[in-house]
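**Student:** how would this look folded up:
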Amino acid sequence: MDEISEFMSGDHDRLDALLERYRAAGGADLDEFASLLTRHMDWEERLLFPALSRKAGLDSVPSIDTMRLQHEEFKRQIEGIRRCPSGDAALRRNLLEVLVESIADHNFAEEYYIYPWIDGALDPAEKTDILTAVKTEQGGHRHDAQNVA
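**Tutor:** Residues are numbered from 1 along each chain as shown. Predicted coordinates:
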């Protein structure tokens with residue numbers, strides 16, 4: 001049976017590959033990355049985090065609240081890169097490096113803490129329902145690591 005950790009970590013890998021492609025291209029393809037990152041964060045905020053909060057019996061789980069705040073920061077960072085003057089390559093590189101490091105730290109917390117917690121807290125039917133929903137929404141928009149180069 002698929003685990004949420006496995007699927008979501010795989011999506012992190014696909015997003016990381018797109019971000020690396022963007023970084024290597026010096027700024028191309030940010031829209032695709034931003035769109036897929038937004039979709040990933042939506043899955044977490046709409047499906048995963050509420051399921052964990054329900055299981056924990058809490059309206060607010062501090063570690064989940066932190067993840068949500070970081071999602072908002074990623075959106076601001078991406079907008080900052082988009083608004084960066086095209087002639088200022090050094091600033092664009094610096095902004096991008098901050099985004100890359102922020103996402104790496106965030107992914108580590110999710111992959112080694114949040115996702116395993118969700119997998120342990122939810123029963124198999126709940127996990128299946130969530131995975132079915134995200135895979136259905138993913139639909140024909142697969143971005144496997146080998147397809148992003």
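
**Student:** Pull the number of nearby residues for the residue nearest to L99 when sequence neighbours are not counted.
**Tutor:** With C-beta to C-beta, 6 or more residues apart in numbering as the measure, Q77 is the residue that lies nearest to L99, at 4.5 Å, once sequence neighbours are left out. (Each C-beta comes from the backbone N, C-alpha and C, glycine too.) Burial of Q77 is recorded as 17 neighbouring residues (other C-beta atoms under 10 Å).

**Student:** where does Q77 land on pLDDT?
**Tutor:** At Q77, the predicted lDDT confidence score is 96.

**Student:** Provide a list of residues in contact with it.
**Tutor:** When contacts are counted by C-beta atoms under 8 Å, 6 or more residues apart in numbering, Q77 touches L95, V98, L99, S102.

**Student:** what's the burial count for E79?
**Tutor:** In terms of burial, E79 registers 11 neighbours under the definition other C-beta under 10 Å.

**Student:** Now do the host helix or strand of L131, average pLDDT.
**Tutor:** Taking DSSP states H and E as the definition, one finds L131 inside helix 124-138. Rounded to a whole number, the mean pLDDT of helix 124-138 is 93.

**Student:** Return the alpha-carbon coordinates of it using PDB.
**Tutor:** C-alpha atoms of helix 124-138 as PDB (Å, rounded to 0.1, in the frame of the first residue of the first chain):
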ATOM      1  CA  PRO A 124      -5.400   2.800   6.000                       C
ATOM      2  CA  ALA A 125      -8.800   3.900   4.600                       C
ATOM      3  CA  GLU A 126      -8.100   7.600   5.400                       C
ATOM      4  CA  LYS A 127      -4.700   7.400   3.800                       C
ATOM      5  CA  THR A 128      -6.200   5.700   0.700                       C
ATOM      6  CA  ASP A 129      -8.800   8.400   0.400                       C
ATOM      7  CA  ILE A 130      -6.200  11.100   0.600                       C
ATOM      8  CA  LEU A 131      -3.900   9.400  -1.900                       C
ATOM      9  CA  THR A 132      -6.800   8.800  -4.300                       C
ATOM     10  CA  ALA A 133      -7.700  12.500  -4.100                       C
ATOM     11  CA  VAL A 134      -4.200  13.800  -4.800                       C
ATOM     12  CA  LYS A 135      -3.500  11.300  -7.600                       C
ATOM     13  CA  THR A 136      -6.800  12.100  -9.200                       C
ATOM     14  CA  GLU A 137      -6.000  15.800  -9.000                       C
ATOM     15  CA  GLN A 138      -2.500  15.100 -10.300                       C
END
